[in-house]
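> When you get a sec, could you give me coordinates for this:
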Amino acid sequence: MALSRTDVGSRRKLLALTATHAGNDFYTGAVAALLPFFVLHAHYSYAAVAGITLASTALSSVAQPLFGYLSDRYGLRWLSLAGFVLAGAGVALSGILVESYLAVWVVIAASGIGVAAYHPAATMEAREAGGGSNGSMSFFSVGGNVGVALAPAAVVLVVGRFGLAGTLWLMIPAIILGSVYVVATWRDISSPSAKTSVSSSSQAPTLSDSWRLFAWLTAVLATWSIAYVGTSTFISLYATEKFQSSTAEAAVALSVFPAAGAIGTLIGGFLADRFGRLRVIRAGYLLAACSTVAIVLAPTELSLTIATAALGVSLFVPFAAQITLSHSYLPNRIGVASGVTLGLTLSLGGVVSPLLGAAADRHGVWSVFVIMSLVLIAGFALSWILAERRTESSPVEEALTTGKYS
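All right, here's what the predicted structure looks like:
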């Protein structure tokens, strides 16, 4: 059956958003990939590089729910593009400013703000384009995994060839993918109807927001965040410390983690639509806890890579389900739900990362993964408090099905 013009436009839009999501999260991955170079070439301590991770997430922690509110209230579709470009600019400048730790901290913080601006607006657009299913959300989400997975290889390539000043070349994805997004979604960006439809739908809520359930979900997501940020920050350093791996060899584990996460995200979206979100979330946390233990016990580099891949798959299996579950808990505040789910909770991991860095400095990097296994077990336990919730009568769902946002 031939696709209607609306179907084709929605698919094109979802593809463009997935591409920019890859680019946006590429810069998050680039920060993690740059950390070993900051240690080796700028002689930063583990605590100092953990502080850089904090820089990329601290302001984002506060800003992302705010950007979500603005997206709910005013539309502001351009936030996704502006945030994407800022995320790229901050990372691109970090390498040439490496002589000043404060300057690096500031530009990485600016990149984090860009990431914060991007996620709520882009997630709302992806939800609109995909009809709100777990499958479509997993497809959009997997773009982020792909971007993070590509970042280590790109960082090794440019920094290995040009030194830390080569980070300027990392601005290229923002320029190219930002242009693709503008071409694919120009009608939506320039249309005033987006603001009108969002505002009008928020004036007549037909299903209440469950802040209690959302608070419990946020607590679960906080444990996910600590595991994600902790692995992204320390897996390369762990490989270097335990097996004396080179920077390029250590980057393999860092690339495998989000690449496996992409597989887990797609699998999780399918399983959540088929078996239910809560089952998928609980299984993911339990398997992730086991995988962190396997990382600690890994006797060889190959086994470490396999354990890291297992952690990537299991940790991301719940990802799309957690996003759509947050939307069901706050059906009248999709932007805020997206901002907290993709921003605030992820940033909580960044806030904890200096503590993980201090543990690594004192006991060795292996201790970080022991801590994360305990945190993931806590997340598994908390997930049993969550409950399923349907939103068939919510204004957002009505808008999606009637085409008010198109």
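> Please enumerate the helices of the stretch 51-200 of the chain.
Under the criterion DSSP state H, counting those that start in this stretch, helices of the stretch 51-200 of the chain are mapped to 78-94, 101-130, 134-162, 172-190, 193-201.
> how about the ones you listed, which one is nearest residue 313?
Evaluated over these, closeness to residue 313 peaks at helix 134-162, with 10.5 Å, by Cβ to Cβ. Any C-beta I mention is one placed from the backbone N, CA and C, and that applies to glycine too.
> Now do that closest one and helix 78-94, the angle between them.
20 degrees (axes from the mean of the first three to the mean of the last three Cα atoms, to 10 degrees).
> for helix 134-162, packing partners?
Packing partners of helix 134-162 (3 or more Cβ pairs under 8 Å, 6 or more residues apart in numbering; DSSP states H and E): helix 5-41, helix 101-130, helix 247-275, helix 319-329.
> Quick check: mean pLDDT of that helix?
Averaged across helix 134-162, the pLDDT comes to 85.
> Which positions in that helix come out as buried?
134-156, 158-159 (16 or more other Cβ atoms under 10 Å).
> In a markdown table: the helices of the stretch 51-200 of the chain, plus distance to residue 299.
Below are the helices of the stretch 51-200 of the chain laid out as a markdown table (distance: least, Cβ to Cβ, whole Å):
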| stretch | distance to residue 299 |
| --- | --- |
| helix 78-94 | 35 |
| helix 101-130 | 35 |
| helix 134-162 | 24 |
| helix 172-190 | 37 |
| helix 193-201 | 54 |
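> For residue 377, which residues are in contact?
Residue 377 is in contact with 285, 289, counting by Cβ atoms under 8 Å, 6 or more residues apart in numbering.
> Could you measure from it over to residue 228?
16 Å (Cβ to Cβ, to the nearest Å).
> next one: residue 158
Taking Cβ to Cβ, one finds residue 158 at 25 Å from residue 228.
> Could you do residue 324 as well?
For residue 324 relative to residue 228 (Cβ to Cβ), the value is 18 Å.
> Any regions of this protein where pLDDT drops low?
Along the chain, the parts satisfying pLDDT under 70 run over 1-9, 58, 75, 130-133, 186-206, 247, 343-347, 390-406.
> Count the neighbours of the closest residue in space to residue 376 that isn't next to it in sequence for me.
Closest residue in space to residue 376, ignoring its immediate chain neighbours: residue 289 at 3.9 Å, by Cβ to Cβ, 6 or more residues apart in numbering. Number of residues near residue 289 (other Cβ atoms under 10 Å) recorded here: 23.
> again, but for residue 183
The tally of other residues near residue 183 (other Cβ under 10 Å) stands at 10.
> list the contacts for the nearest residue to residue 262 once chain neighbours are set aside?
Leaving aside its sequence neighbours, residue 262 sits nearest to residue 145 (Cβ to Cβ, 6+ apart; 3.5 Å). For residue 145, the contacting residues are 25, 258-259, 261-262, 265, 316, taking Cβ under 8 Å, 6+ apart as the criterion.
> how about a cut-off of 10 Å?
21-22, 25, 29, 138, 257-266, 312, 316, 319 (Cβ atoms under 10 Å, 6 or more residues apart in numbering).
> got it, and residue 68?
79, 116, 119-121, 123-124, 330, 333-344 are the contacts of residue 68 under Cβ under 10 Å, 6+ apart.
> got it, and residue 285?
220, 223-224, 227, 314-315, 317-318, 375-383.
> if we go to 6 Å?
376, 379-380, 383 (Cβ atoms under 6 Å, 6 or more residues apart in numbering).
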